[in-house]
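Chemist: Sharing a model prediction with you, sequence too.
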Amino acid sequence: MPRNVLVLGAGMMSPPLLRYLLPRTDVRLIVGALDTRKVEPLLADHGRGRALVVDVEDEAALRPLVAEADLVVSLLPASYNPRVARLAVERGISMLNTSYVAPELREQDAAARAKGVLLLSEMGLDPGLDHMSAIRLVRQIRAQGGRVRRFLSCCGGFPAPDANDNPWGYKFSWFPRQVLLSGRNPARYLRAGQVREVPGPELFAHCWPHAIEGLGVLELYPNRDSLAYREGYELHEVEGLLRATLRYPGWCATLEAAADLGLLDVEERDWPAAATWADLTLRLVAAGAGGGVERLARHLRLSPDSEVIARLEWAGLLSDRPLPATRGAALDLFVGRLAKLMSYRPGERDMVVLEHVAEAVFPDGRTESITSTLVATGEPWGDSAMSRCVALPLAVATRLVLEGAIDAVGVEVPLRPDIYRPVLAELGEFGLGFRERRAVRFAGPLD
């Protein structure tokens, strides 16, 4: 008898998951979202899927959908998942999602275990594929008698080289606000046995070049708290540990300037009716001789013809164009501006790069640097690389839960062999496999 799977969210990440599940004759899909127009044509081709308009903030409307389901899959922003998880636990069914485990979700572990249900989080790309491929690599090294001394894990999504046609080297394949909001996060990592703390305002100053085979030199910067994964990755004796975000060169310097100018501020405020983008950008810059470019360059201690200044000018942040609203946070105005300029055009491809570099020491005294790399590009006129790398791990895990292949209960992330082994194996069949190579010397920011 078909089982009802409730999928919450119908945004950019949902199509690959729906295409994976719809052909299964043992599944009926109910897709709930505020806007279901993007997925309705997909569901119309199958008799086992339907879309419902629902506001997930309306618990009275959400509860009957959960009550009808045998499994809940969430592609919602992370803040909604604790509420959905609570309803799933009350119903006695499992829930899967792609977001980091929020403290409010972690608090539901005991209730989920008591009900015998699984709350599986971090089942996308980053977090998700990064965890699964990292723990697989660490355990492979340990199985060969080795010990990991240093471990670097970096991941990023950006335009494929043939679509990289703006000076920022970036286009949005993910929620634009979340991309820039992450630039406010503090970070921690381990280098030479010492914990390095990075305050949020200094995040983009901690940036290093990183070469990816076949792509050239990119740049990376710390991603949240790397030490939180020392235990999960079984790196108890590690001397260096860094989880990082990858971008094309120039992103960090430009976002560092944006943060300095207050463009990442989240506090709402009123703006004069006649305020322009130059007014917003230059509001913290001291008055002085010269035009906006010269004043900005002096404030940022850059040359007026620097690439950073050129990027800000290209985005219209020094123009006399009026602001789109008289009230709002600088971050939201900034996000809206960049999203208009840095979106993928029809037929353009994005790219996802995920790489781990492990320095392993073996009992015979030999030291090796082992690199495991995934490079995925989007399909022209089809699914983006980001949507495939986020949705397909979740889709495979959904199948495994429905088939009873995962016996875990409570709050989990995909570090168990009964999760990561079959998921990674099947993703390899979809062209999302990792290439491994070995070298004598470990190279990177943990040197």
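Modeler: Sure, I can see it. Numbering: from 1, shown residues only.
Chemist: Now do the same contact list for the nearest residue to Arg441 once chain neighbours are set aside.
Modeler: Closest residue to Arg441 apart from its sequence neighbours, by Cβ to Cβ, 6 or more residues apart in numbering: Ser369 at 6.0 Å. Yep, even glycine has a C-beta here, placed from its N, CA and C like the rest. By Cβ atoms under 8 Å, 6 or more residues apart in numbering, the contact set of Ser369 is 357-360, 438-443.
Chemist: Am I right that Val5 is in a strand?
Modeler: Yes. Counting by DSSP: H, G, I helix; E, B strand; the rest coil, Val5 falls inside a strand.
Chemist: Can you tell me the closest non-neighbouring residue to it?
Modeler: Val5's closest residue in space is Leu71 (Cβ to Cβ, 6+ apart), at 5.0 Å.
Chemist: do the same with Ser94
Modeler: Sequence neighbours aside, Leu118 is the residue nearest to Ser94 in space, at 4.1 Å (criterion: Cβ to Cβ, 6+ apart).
Chemist: count of neighbours near that neighbour?
Modeler: Residue neighbour count, defined by other Cβ atoms under 10 Å, stands at 23 for Leu118.
Chemist: Give the bridge partners for it, please.
Modeler: Gly410 (DSSP bridges).
Chemist: Double-check it against Val413; I have them as touching.
Modeler: No. The pair Leu118 / Val413 is not scored as a contact, 11.3 Å apart, by Cβ atoms under 8 Å.
Chemist: so what's the residue nearest to Val5 up against?
Modeler: 3-6, 93-96, 398, 401-402.
Chemist: nearest to Ile419, of the residues you listed?
Modeler: Val401 (9.5 Å; Cβ to Cβ).
Chemist: The closest one contacts Ser94, correct?
Modeler: Yes. Using Cβ under 8 Å, Val401 is in contact with Ser94, at 5.8 Å.
Chemist: Spit out the residues that contact the two alike.
Modeler: Common neighbours of Val401 and Ser94 (Cβ under 8 Å, 6+ apart) are 71, 118, 120.
Chemist: follow-up on the earlier one: what about the contacts of Leu71, which one has the most neighbours?
Modeler: Of the contacts of Leu71, with other Cβ under 10 Å as the count, Met95 tops at 29 neighbours.
Chemist: To which secondary structure element is it assigned?
Modeler: strand 94-97 (DSSP states H and E).
Chemist: Not counting that strand itself, show me its contacts.
Modeler: With Cβ under 8 Å, 6+ apart as the criterion, strand 94-97 contacts 71-76, 78, 81, 84-85, 88-89, 117-121, 123, 394, 397-398, 401.
Chemist: likewise stretch 435-447?
Modeler: 150, 152, 191-192, 208, 210-211, 213, 220, 240-242, 244, 357, 359, 367-375.
Chemist: Out of those, name the ones that lie in strands.
Modeler: 150, 152, 191, 208, 210-211, 220, 240-242, 244, 357, 359, 367-375 (DSSP state E).
Chemist: hang on, the earlier thing: which among the contacts of Ser369 gets closest to Leu264?
Modeler: For the contacts of Ser369, the nearest to Leu264 is Val357 (29.5 Å; Cβ to Cβ).
Chemist: Neighbours of that closest one, how many?
Modeler: 22.
Chemist: Apart from its neighbours in sequence, what residue is nearest it?
Modeler: Per Cβ to Cβ, 6+ apart, closest to Val357 is Leu152, 4.4 Å.
Chemist: swap in Val375?
Modeler: Val375's closest residue in space is Val353 (Cβ to Cβ, 6+ apart), at 5.4 Å.
Chemist: List the contacts of that neighbour.
Modeler: Here Val353 is in contact with 154-157, 212, 215, 218, 246, 373-375 (criterion: Cβ under 8 Å, 6+ apart).
Chemist: Assign it to helix, strand or coil.
Modeler: Val353 - assigned by three-state DSSP - is strand.
Chemist: Show me the beta-bridge partners of it.
Modeler: Bridge pairing for Val353 - DSSP bridges - gives Gly156, Val375.
Chemist: any idea of the pLDDT on it?
Modeler: Turning to Val353, the model gives it a pLDDT of 98.
Chemist: what's the neighbour count on the residue lying closest to Pro159 once chain neighbours are set aside?
Modeler: Of all residues not flanking Pro159 in the chain, Lys171 sits nearest, at 4.9 Å (Cβ to Cβ, 6+ apart). The number of residues packed around Lys171, counting by other Cβ under 10 Å, is 23.
Chemist: Would you mind listing the residues in contact with Lys171?
Modeler: Lys171 touches 158-159, 163, 342-344, 348, 350, counting by Cβ under 8 Å, 6+ apart.
Chemist: Which among the residues you listed count as buried?
Modeler: Buried members of the contacts of Lys171, counted by 16 or more other Cβ atoms under 10 Å: 158-159, 163, 342, 344, 348, 350.
Chemist: now, which of these sits nearest Gly316?
Modeler: Distances from Gly316 to these, taken by Cβ to Cβ, are shortest for Met342, at 11.9 Å.
Chemist: Grab the nearest non-local neighbour of the closest one.
Modeler: Using Cβ to Cβ, 6+ apart, the closest residue to Met342 is Lys171 (4.8 Å).
Chemist: Distance-wise, check that neighbour relative to Ala244.
Modeler: Relative to Ala244, Lys171 is positioned 20 Å away (Cβ to Cβ, to the nearest Å).
Chemist: low-scoring stretches of the stretch 151-300 of the chain, by residue?
Modeler: In the predicted model, the stretch 151-300 of the chain carries pLDDT under 70 at residues 286-292.
Chemist: And the helices in it?
Modeler: Counting by DSSP state H, counting those that start in this stretch, the stretch 151-300 of the chain has these helices, from start to end: 176-181, 251-260, 277-281, 292-300.
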